[in-house]
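# Dropping the sequence and predicted coords here.
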Amino acid sequence: MLSQAVSYLSWLESAHHEFEALVRRVLGAEAAESITWRRPRMVCMAASFSHHDRVAVQRLPERIDLVRYRIFEGGLLSLLLVDSSPGFPTAASSRRSRETVVGSASAASVTPPPAGTGLVPECLRDLYAELEDALTAWGEVEVAPLRHYIAYRRLVNVASVIFRPKHGVILVYLRLDPDTVTLEEGFTRDMRGIGHLGTGDLEVRLASAAGLEKAAPLIRRAFEAA
């Protein structure tokens, strides 16, 4: 259910104008103009939710409510909120907010920084900017800056980015089977059974643009398989 709800939300966010036109036609211009897309909220209703659903709600960046329903004799309907996540702004919504502010100003245009810039050490910002271009080149990719890493998702996490400024490297954990990769010491590593931040079984260690170029086929494979 959650994956389906996220898919619907993704579609809705790509159809702002169509949705607003529908609201304007049915409810009027005032209702349409009051719509804000900054913090959408999903309400999932079902007869039951699994433990995995409740864990997922706390991991996803969207505002999500899980509501359990019961139908009793006589047609009585009971609704119970079983879990809720306040979520946090996604990179897309943050980017839209920045663009709105910039667009309303009369000053020269300003290019917003990459998502998760606050997590990025100064010494790795140039490399990260190139990496983000590579990670977001695959259609609709959600960028979710978390506390310790930045996740790149297509319904599920495809890549997790972690910064190691003391070593001058960026670690990328890809959702890719290490058995399908020719591992190279100091560049790729099988992380199955090894605890680490983020998700993904293949670690890719990036220290330069050349390393990123070498990693491009692995990134492509991970996103094509997602």
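Ah, there it is.
# quick one: V169 and S208 touch, right?
No - contact criterion CB atoms under 8 Å: V169 and S208 do not qualify, at 9.3 Å. C-betas here are computed from N, CA, C, even on glycine.
# okay, these two: which has more neighbours?
Neighbour comparison, V169 and S208: the larger count goes to V169, with 19 against 12 (by other CB atoms under 10 Å).
# List the contacts of the nearest residue to the more buried one once chain neighbours are set aside.
Nearest non-adjacent residue to V169, counting by CB to CB, 6 or more residues apart in numbering: A207, 4.8 Å away. Residues in contact with A207, defined by CB atoms under 8 Å, 6 or more residues apart in numbering, are 127, 167-170.
# how does this structure divide into domains?
2-85, 116-225 (automatic domain parsing).
# Tell me the helix or strand right after the helix or strand bottoming out on mean pLDDT in the chain.
When each helix and strand of the chain is scored by mean pLDDT, DSSP states H and E, helix 91-104 comes last, with a mean of 43. Sequence-wise, the next helix or strand downstream of helix 91-104 (DSSP states H and E) is helix 125-135.
# Give me the contacts around that next one.
Against helix 125-135 from outside (CB under 8 Å, 6+ apart): 114-115, 117, 120, 141, 143, 152, 159, 161, 163, 170, 172, 206-209, 212, 215-216, 219, 223.
# Buried residues, it. List them.
127-128, 131-132, 134-135 (16 or more other CB atoms under 10 Å).
# Near T36, how many other residues are there?
Counted by other CB under 10 Å, the residues lying close to T36 total 6.
# same question, L124
20.
# Fine, thanks again, bye for now.
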